[in-house]
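> Quick one: sequence and predicted model below, then my questions.
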Amino acid sequence: MTRSSLAINRLLFLTCFLSLITHTPAVAQAWVPPEAQLSVSLLYSYSDVGNHLFSADVIDAGVNLGKSIDFGDIKAHTMILGFEYGLTSRFAVSGRLPVVVSKYDGLIPDNTSVDDGLFRGSAQDFRFDARYLVLVEPIALTPIVSVVLPSHHYETLGHVAVGNDLREIHVGAYTGTALPFISEELYAEAGIEYAIVEDMELAAATSGDHSTDYATLGVEVGYFFSPYLSINIQGLLKNTYGGFDWLDPMTGTEEGWYSHDRFAAVDFFHLGGSVSYDITDHTTLYFGYSNTVWGQNSHELESIMLGTSWSFWVP
């Protein structure tokens, strides 16, 4: 198998790589699979969700608690089922659905009905993507349009809540290129997306800017040790425009508290990487790791991921 076909077979897994915890895709979207190639992937992640990250120091009874505070521990297990299909040599569609099962251990539950020390879980949000490769040389350039649709109405308040139950539309573009002036085995990709998030009406007490549209910027650098084995390092930056700061007085209202996660002004930078290996021409195995470098109105998160994908022809 050639390096280019290995890169194509990696795409579906890497698209899911950071979505486990960010609800946004990783990079690796700059190229599309061959026409009539269908790939199916299954990805498992174990995540340790640690401290809450605030935008400024938290002062409680005159005591400075800092920006990073331990409110308990969350253990999460996530499975993502995904697919990708090449409709033509330049146009591809893909989709995925995460299922999250998690448990909260701590003395400060957000919602006692779910943060009860038991494992709770459900399906999260469908995401469907359409990508078109408009340029191949000298670099790959691929615009993308995506929709995010909740699989059902689920609980959004709680340390173990699986998501925000909001619809989203994403537009963006990805680019990638080999780096032969450094090494024939080295490549780089980058992508940017802007997400338009469903805006829900809240009471007058929480009439601040609760729109949570956001942008993501992802960068990936990878290296092929052989036609079958590659490694990569990925970074993902998210910036939310609007939303509630966790230190805003509105979180003291009943509706504000219920919405403090759902409409939070989440910003973060995650850094991770993965190793992928083709065990056959149609089957690839992956191991990945991701960690929070910085964040506000967010959480410290460390994840270990294992996955596989299968590709075959469907004319």
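Sure thing, it's come through.
> Sketch out the low-pLDDT regions of the stretch 151-300 of the chain for me.
Along the stretch 151-300 of the chain, segments meeting pLDDT under 70 span 201-209.
> Repeat the analysis, applying 80 as the threshold.
Residue ranges of the stretch 151-300 of the chain with pLDDT under 80: 200-210, 250, 252.
> If you tally nearby residues, what's the number for Tyr132?
By other C-beta atoms under 10 Å, the residues close to Tyr132 number 15. Where C-beta positions appear, they are placed from N, C-alpha and C, glycine not excepted.
> Now Ala56. Nearest residue, chain neighbours left out?
Closest residue to Ala56 apart from its sequence neighbours, by C-beta to C-beta, 6 or more residues apart in numbering: Leu247 at 6.1 Å.
> Helix, strand, or coil at the one you found?
Under DSSP: H, G, I helix; E, B strand; the rest coil, the three-state class of Leu247 is coil.
> I'd like the distance between it and Ala264.
Distance, Leu247 to Ala264, using C-beta to C-beta, to the nearest Å: 11 Å.
> just the strands in this structure please.
Along the chain, counting by DSSP state E, strands occupy 37-60, 63-69, 73-86, 91-105, 120-123, 125-132, 140-150, 168-178, 186-197, 213-224, 229-241, 267-278, 283-296, 298-313.
> can I get those in JSON lines with distance to Thr251?
Compiled in JSON lines, the strands of the chain are given as follows (distance: least, C-beta to C-beta, whole Å):
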{"stretch": "strand 37-60", "distance to Thr251": "11"}
{"stretch": "strand 63-69", "distance to Thr251": "14"}
{"stretch": "strand 73-86", "distance to Thr251": "19"}
{"stretch": "strand 91-105", "distance to Thr251": "19"}
{"stretch": "strand 120-123", "distance to Thr251": "23"}
{"stretch": "strand 125-132", "distance to Thr251": "24"}
{"stretch": "strand 140-150", "distance to Thr251": "23"}
{"stretch": "strand 168-178", "distance to Thr251": "23"}
{"stretch": "strand 186-197", "distance to Thr251": "19"}
{"stretch": "strand 213-224", "distance to Thr251": "19"}
{"stretch": "strand 229-241", "distance to Thr251": "16"}
{"stretch": "strand 267-278", "distance to Thr251": "17"}
{"stretch": "strand 283-296", "distance to Thr251": "14"}
{"stretch": "strand 298-313", "distance to Thr251": "15"}
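> okay, Leu247 and Ala264: which has more neighbours?
Between Leu247 and Ala264, counting by other C-beta under 10 Å, Ala264 is the more crowded of the two (21 against 15).
> My guess is that one contacts Tyr214. True?
No - Ala264 is not in contact with Tyr214 according to C-beta atoms under 8 Å; the separation is 10.6 Å.
> Many thanks, we can stop here.
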